[in-house]
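Participant: pasting the structure only:
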Ligand code: E4P
């Protein structure tokens, strides 16, 4: 399973890359607004660091505007993937862009039927938002399971990016289901490596080593 960082923060992107965990990045208007810089310059900086795909979202709601914006965003870098919302106009934009060789990531996906339509339109990626479904007492991970099964049934090429991840269990279940990618916030990536027994074990090894050193000095 590939790991994408769900962030537009340069420091977080650099640190995740240094850990050897960065397969790609997803941004959205909220994440870019959080950084407060010119979004094009911010995306340029991100693309200079990231070797894999970097998702950048269009703002327009009509397919003509989506396609126009997508072409502008693609001028930033070769690894830009265009995030398009799952609407009828969005599906049309996905079809046009993919036919022109521009990869898309269908965002704000909340149902397996939406994901089916994205695959039919030829989208490169689909992003089911699991945390936001959990927030309204739905079962986000169940929807991912349904999408993966539908894509397997028909051998669709669209890759599933599990998005709106809130905690490590979302990542674990994604891997068990066989989702292609998880896009994870920085703090959750850092949580994945944590285990209390690792900390206790490390503390004990270091204490024992110090005892041995002290004995050798006597
Ligand atoms: C994914 O591409 C989105 O940027 C993101 O996962 C949304 O997550 P949120 O629900 O925490 O805003």
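Facilitator: On my side now, so go ahead. Only a predicted model underlies this, so the values are computations on that prediction, with no experimental measurement involved.

Participant: Point me to the helix or strand that includes residue 95.
Facilitator: helix 88-99 (DSSP states H and E).

Participant: wait, residue 198
Facilitator: Residue 198 belongs to helix 196-217, assigned by DSSP H and E.

Participant: mind listing what's buried in that helix?
Facilitator: By neighbour count with 16 or more other C-beta atoms under 10 Å, helix 196-217 contains no buried residues. Every residue, glycine included, has its C-beta placed from N, CA and C.

Participant: and if you look at stretch 130-139?
Facilitator: Result for stretch 130-139 [16+ other C-beta under 10 Å]: buried residues 130, 133-134.

Participant: Quickly name whichever of those is closest to residue 6.
Facilitator: residue 130 (11.9 Å; C-beta to C-beta).

Participant: What sits closest to residue 9 if chain neighbours are left out?
Facilitator: residue 35 (6.2 Å; C-beta to C-beta, 6 or more residues apart in numbering).

Participant: residues contacting that neighbour?
Facilitator: Residue 35 sits next to 8-10, 42 when contact means C-beta atoms under 8 Å, 6 or more residues apart in numbering.

Participant: what's the answer for residue 168, then?
Facilitator: Counted by C-beta under 8 Å, 6+ apart, residue 168 has contacts 188, 191-192.

Participant: what about the residue nearest the centre of the chain, which SS state?
Facilitator: Nearest residue to the geometric centre of the chain (C-alpha atoms, centre = their mean): residue 183, 2.3 Å. Counting by DSSP: H, G, I helix; E, B strand; the rest coil, the backbone at residue 183 sits in strand.

Participant: how much space between it and residue 176?
Facilitator: 17 Å (C-beta to C-beta, to the nearest Å).

Participant: again, but for residue 105
Facilitator: From residue 105 to residue 176 the distance is 23 Å (C-beta to C-beta).

Participant: Those two: who's more crowded?
Facilitator: Comparing residue 105 with residue 176 by neighbour count (other C-beta atoms under 10 Å), the higher total belongs to residue 105, at 29 against 11.

Participant: looking at this, the more buried one is in a helix?
Facilitator: No: Residue 105 sits outside any helix when classified using three-state DSSP, being strand.

Participant: who's in contact with it?
Facilitator: Counted by C-beta under 8 Å, 6+ apart, residue 105 has contacts 26, 53, 55, 81-84, 123-127, 161.

Participant: Let's see the pLDDT reported for it.
Facilitator: The per-residue pLDDT reported for residue 105 equals 98.

Participant: measure it to residue 11 for me?
Facilitator: Taking C-beta to C-beta, one finds residue 105 at 24 Å from residue 11.

Participant: residues from the protein in reach of the ligand?
Facilitator: Residues of the chain lying close to the ligand (C-beta under 6 Å from any ligand atom) are 6, 26, 28, 107, 127, 129, 131-132, 163-164, 183.
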